[in-house]
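J.: next come a sequence and a model predicted from it.
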Amino acid sequence: MSDPYFQQLFAERIGGAQYGKGTAIYKFEKIKRAKRKALAEHPERALLDFGIGENDGVADQRVLSKMAEEIGKPENRGYADNGIAEFKEAVARFMLRKYGVELNAETEINHCIGSKTALAMLPATLINPGDITLMTVPGYPVAGTHTAYYGGIVYKLPLLAENSFLPDLDSLPDEVREQAKLLVLCYPNSPTGATATREFYQRVVQFAQDNKIVVVQDAAHALLSFDRQPNSFLSVPGAREVGVEIHSMSKGFDMIGWRIGWVCGHERLVSAFADVKDNCDSGQFIAIQKAAAAALDDESIPHKIHAKYKRRLEKLVAMLQRCGFQCSMPGGTYFLYTPSPTGLAGGPTFDSGTAASQYLITEQSICTVPWDDAGAYLRFSVTYEAADEAAEDALMAETESRLKQIKPLF
Ligand SMILES: Cc1ncc(COP(=O)(O)O)c(C=O)c1O
């Protein structure tokens, strides 16, 4: 295909004149291709898919009913702009009940069309060319991508097992501290599954104050916390003076596709976010905001989802341990992040998580997501489709049988 006349016009941030010509294959495309190959070459072998990072459940019936009730009401039809009071008030009740965090619904909370969009927009509020955003790796990269779009620089903080997958803030060189404006955290952490202690959050507040850095804590997985009660960064004294927390209805309420979450914390940061957002979108459909508000008031919904993913993770960990994996129950999220096998007894060796993951998909139809940013790891997600507990057990048994046959080494 010959280049269109505008080929030279693409912005450098997406590759400039080379946009669309790259041959690099990105991680998720590589996984997709390997899955296609496994299905084509072994149509008789079921694909055991631990690669999906989305809830398998449909939103609760009560939320669906509320949505059905609200969808056609004329008063819900228009632009929602920065959100309706009913949703913000439900968020304020939820934050107080769940985390003991008291927020002013009017000034300290703003909805977003999913936390991904909030992470994409927040760098616009702070990052000028040359400013640094501190990001943990492995992690959810959206705030870093947008930092780079604004001419900022991403400084990576590795999450290592020896530090309980918490970043070593003392490791930062002075010049990085001076240029840094934003520290993006995510706890419960995706993909490592670590949760944050109160002491860590206290240290973060001190670090932010000492270095005049704004903290954005991504709490998308907050309700899926297993080793401690779900906690909020904002419950630590001083936290609301230094940052905001982003919450999502996606994971904890089975509302992935509904696209709703919120940013809360320091009033000035929330209003800066709302100003940017107002220039990007016109708010989530009011019927969805009302259904989400109803969900937030119903404690039983996240409780059920929490119990399901905890049960599935416990089964997964026990099964993988029997196959030689050195894993333990994650603190939170629906992910298990575990050191990748280095090879197979009498078989190939793997120099990375990517190599192990490609082998497992193509040769055994077991799909995981590799992470090689800070050591070679595989991420198993328990969001697979299984109609009931018997189906979960059958999936575990089949995975165990395939893994035991190939004898992974660590
Ligand atoms: C760590 C993390 N943050 C944010 C998101 C985005 O969630 P949503 O936009 O659905 O609220 C995800 C989704 O996978 C995630 O894993």
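T.: Now that the structure is in, tell me what you want to look at.
J.: right, is the helix or strand containing P123 up against the ligand?
T.: Per DSSP states H and E, P123 falls inside helix 115-126. Yes - applying Cβ under 6 Å from any ligand atom, one finds that helix 115-126 is in contact with the ligand at 115-116. Bear in mind the C-beta positions are built from the backbone N, C-alpha and C, glycine included.
J.: how about the CA coordinates for that helix, as PDB?
T.: This file holds the C-alpha atoms of helix 115-126, laid out as PDB (Å, rounded to 0.1, in the frame of the first residue of the first chain):
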ATOM      1  CA  SER A 115     -10.300   4.500  35.700                       C
ATOM      2  CA  LYS A 116      -8.300   4.000  32.500                       C
ATOM      3  CA  THR A 117      -9.600   7.400  31.200                       C
ATOM      4  CA  ALA A 118      -8.800   9.100  34.500                       C
ATOM      5  CA  LEU A 119      -5.200   7.700  34.400                       C
ATOM      6  CA  ALA A 120      -5.000   9.000  30.800                       C
ATOM      7  CA  MET A 121      -6.200  12.500  31.800                       C
ATOM      8  CA  LEU A 122      -4.400  13.100  35.100                       C
ATOM      9  CA  PRO A 123      -0.900  13.700  33.500                       C
ATOM     10  CA  ALA A 124      -2.500  16.700  31.600                       C
ATOM     11  CA  THR A 125      -3.100  18.400  34.900                       C
ATOM     12  CA  LEU A 126       0.600  18.400  36.000                       C
END
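J.: tell me the strands beside whichever helix or strand comes after that helix, with direction?
T.: Note on helix 115-126: by DSSP H and E, the next helix or strand toward the C-terminus is strand 132-137. Paired strands of strand 132-137, with direction, are strand 153-158 (parallel), strand 180-186 (parallel) (DSSP bridges).
J.: deepest-packed of those strands, please.
T.: strand 180-186 (a mean of 24; mean count of other Cβ atoms under 10 Å).
J.: tell me what angle that one forms with helix 115-126.
T.: For strand 180-186 against helix 115-126, the angle by axes from the mean of the first three to the mean of the last three Cα atoms, to 10 degrees is 170 degrees.
J.: and the ligand, is strand 180-186 touching that?
T.: Yes - using Cβ under 6 Å from any ligand atom, strand 180-186 reaches the ligand at C186.
J.: chain center to that strand, what's the gap?
T.: 15 Å (Cα atoms, centre = their mean, to the nearest Å).
J.: quick one: average pLDDT of that strand?
T.: The pLDDT scores in strand 180-186 average 98.
J.: tell me the buried residues in the next helix or strand after that strand?
T.: The helix or strand immediately downstream of strand 180-186 is helix 198-211, counting by DSSP H and E. Buried residues in helix 198-211, counted by 16 or more other Cβ atoms under 10 Å: 200-201, 203-205, 207-208, 211.
J.: quick one, helix 198-211 and strand 180-186 angle?
T.: 170 degrees.
J.: helix 198-211: how far from the chain's middle?
T.: Averaging C-alpha positions (Cα atoms, centre = their mean) puts helix 198-211 22 Å from its chain's average.
J.: which strands and helices sit next to that helix?
T.: For helix 198-211, the packing partners by 3 or more Cβ pairs under 8 Å, 6 or more residues apart in numbering; DSSP states H and E come out as strand 180-186, strand 214-218, helix 239-242.
J.: and the strands in the stretch 201-350 of the chain, which stretches?
T.: Secondary structure of the stretch 201-350 of the chain, counting by DSSP state E, counting those that start in this stretch: strands at 214-218, 243-248, 261-265, 335-339, 343-344.
J.: so for E54, which of the strands paired with strand 132-137 sits nearest?
T.: strand 180-186 (16.9 Å; Cβ to Cβ).
J.: need the contact partners of stretch 54-62.
T.: Identification of contacts with stretch 54-62 by Cβ atoms under 8 Å, 6 or more residues apart in numbering yields 64, 67, 250-251, 253-256, 258, 291, 294-295, 298, 301, 304-305, 308, 334, 383-386.
J.: report the buried residues of the lowest-mean-pLDDT helix or strand in the chain.
T.: Here the helix or strand of the chain ranked lowest by mean pLDDT, DSSP states H and E is helix 27-41, holding a mean of 94. For helix 27-41, burial by neighbour count (16+ other Cβ under 10 Å) applies to 30-31, 34-35, 38.
J.: so does that helix get close to the ligand?
T.: No - figure legend: helix 27-41 not in contact with the ligand (Cβ under 6 Å from any ligand atom); closest approach 12.0 Å.
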